[in-house]
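Visitor: Sharing a model that was predicted from the sequence below.
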Amino acid sequence: MGYFHSMNPSDFDLAYQNQSTESKIVASLERIAQAFRVLLWQESKAFSLSPIQVQVLIFLLYHSSEKRKVSYLADEFNMTKATISDTIKTLEQKNLITKEYEPHDTRSYIIHLTKKGKDIAGKTSLFTKEIRTPVDQLHPDDKEGLLLSLLNIIRHLNRSEVITIQRMCMTCTYYRPSAKGQKHFCKLLNQPLYTKDLRVDCPEHKIRADMQL
Ligand code: SF4
């Protein structure tokens, strides 16, 4: 470990990767990230939209009004407000969204999907189905192990400020780990959370004060 650490090996260096389980996991995640990009791109093309336009439409379909704002979307997709505003402008021109200006603030608005917008968001949101197929076939214990491992990876990426907003249990003010970190508890739902209950994107999530970036 110390030897490789001091050498600072690349996970893409095959001589190193092929004898490192960790590197093979990282390389596999990169392949899967690529699959998401390809699938999203294919879906976007079919509707003459860009990948980010499709991602925004899907987000708008499944999140509440306080999250359907330019600043929130900018954080969600790790983009500037200017870029997201442009995306919203294009979606408005295509009659896929409408803006509801807030009475006290003429610059801030809530974004609503139009009927056509909802329709396209619903259809394109199925772009992950090829990734879902092998996941469905995993053994239930493997699914739980994988979920927990992925949550830990996401939590690390959040802590190290690679990605911003997370609405997962481990960053929630209502979340209580056990002393050994094995059993989880939700103070809001007032119930234990088994691994399968842990959420990646919870509508009730409230960011823990020490997690705010
Ligand atoms: S409110 Fe949601 S995110 Fe927070 S601990 Fe409970 S289930 Fe998890």
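Guide: Right, received. Where do you want to start?
Visitor: any idea how far the residue nearest to N158 when sequence neighbours are not counted lies from P140?
Guide: Excluding its sequence neighbours, the residue lying closest to N158 (CB to CB, 6 or more residues apart in numbering) is Q166, at 4.7 Å. Quick note: C-beta positions are derived from backbone N, CA and C, even for glycine. Q166 sits 25 Å away from P140, going by CB to CB, to the nearest Å.
Visitor: and these two? which has more neighbours close in?
Guide: The neighbour count for Q166 versus P140, taken as other CB atoms under 10 Å, is higher for Q166 (22 against 8).
Visitor: what secondary structure does T106 sit in?
Guide: Under DSSP: H, G, I helix; E, B strand; the rest coil, T106 falls in the strand class.
Visitor: again, but for the one 5 residues further on
Guide: Here I111 takes the strand state, with states given by three-state DSSP.
Visitor: any idea how far the residue nearest to it when sequence neighbours are not counted lies from the ligand?
Guide: In this structure, I111 finds its nearest non-sequential neighbour in R68, 4.6 Å apart by CB to CB, 6+ apart. R68 sits 19 Å away from the ligand, going by CB to the nearest ligand atom, to the nearest Å.
Visitor: same check, this time on I110
Guide: In terms of CB to the nearest ligand atom, I110 sits 23 Å off from the ligand.
Visitor: Contacts only, for that residue.
Guide: Going by CB atoms under 8 Å, 6 or more residues apart in numbering, I110 touches S65, R68, K69, K99, E100, E102.
Visitor: F185 belongs to a helix?
Guide: No: with three-state DSSP as the criterion, F185 is assigned strand and is not in a helix.
Visitor: Would you confirm that it contacts L193?
Guide: Yes: using CB atoms under 8 Å, F185 is in contact with L193, at 6.3 Å.
Visitor: Could you tell me which residues touch both of these two?
Guide: Contacts common to F185 and L193, judged by CB under 8 Å, 6+ apart, are Y175.
Visitor: how about the residues of this protein that lie near the ligand?
Guide: Contact residues, the chain versus the ligand (CB under 6 Å from any ligand atom): C169, C172, Y174, Y175, C186, L188, L189, R199, C202, E204, H205.
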